[in-house]
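> With the sequence up front, the predicted model follows.
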Amino acid sequence: QKIERLKAELHLLDAAGSGPGRHLFFVDTEREVQEFDIAARLDTVPELVDRVYNRPTIATLQRETVKGPTDPAHLKKLAQQRKNQYDLLRQRIEREKAMFVISQKIQTRKDLLDKTHKVKVKKETTTGPAIYKFKFQRKR
């Protein structure tokens, strides 16, 4: 539940594992490539081009001010807090995967306690339990 809550809170906007986002622009000539201006194309100020999320247009900036912190020190602090939250989320997901593997191994050991004939198909690994093939025995 905590993992789901963290995912809903963070929205995975700039997760480290997602890779860099790409914005493709199509132009017709090489000259347009040389003269291409990202800020003009996105209709925003050059200072806000690097923002991955919430990139307001010039028209929006004329109507209202930028909401939230704008000073670099506060932005750096918020970025660090966001990074810590993503690290916490990653750790919890890894812990949940490890607990799932352990529960599978415990269930396999419980299944091995019965007296039926079984053959080991695959050895136990760190990512999964051993796999056994049980002989079919009809219940009476």
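Okay, I see it.

> what ranges do the helices span in this structure?
With DSSP state H as the criterion, the chain has helices at 2-10, 30-34, 38-42, 58-63, 72-111.

> Please name whichever of those helices is nearest to residue 140.
Evaluated over these, closeness to residue 140 peaks at helix 72-111, with 20.3 Å, by C-beta to C-beta. Every C-beta, even on glycine, is put in place using the N, C-alpha and C of the backbone.

> What residues of that closest one count as buried?
Across helix 72-111, burial judged by 16 or more other C-beta atoms under 10 Å covers 86, 89, 101.

> What residues of the lowest-mean-pLDDT helix or strand in the chain count as buried?
When each helix and strand of the chain is scored by mean pLDDT, DSSP states H and E, helix 2-10 comes last, with a mean of 84. For helix 2-10, burial by neighbour count (16+ other C-beta under 10 Å) applies to residue 6.

> export that helix as CSV, just CAs?
This file holds the C-alpha atoms of helix 2-10, laid out as CSV (Å, rounded to 0.1, in the frame of the first residue of the first chain):
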residue,chain,number,x,y,z
LYS,A,2,2.9,2.3,0.8
ILE,A,3,4.4,1.6,-2.7
GLU,A,4,1.1,2.5,-4.4
ARG,A,5,0.8,5.7,-2.3
LEU,A,6,4.4,6.7,-3.2
LYS,A,7,3.7,6.0,-6.9
ALA,A,8,0.5,8.1,-6.8
GLU,A,9,2.4,10.9,-5.0
LEU,A,10,5.4,11.0,-7.3
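
> Now do that helix: which elements does it pack against?
When contacts are defined as 3 or more C-beta pairs under 8 Å, 6 or more residues apart in numbering; DSSP states H and E, helix 2-10 sits against helix 72-111.
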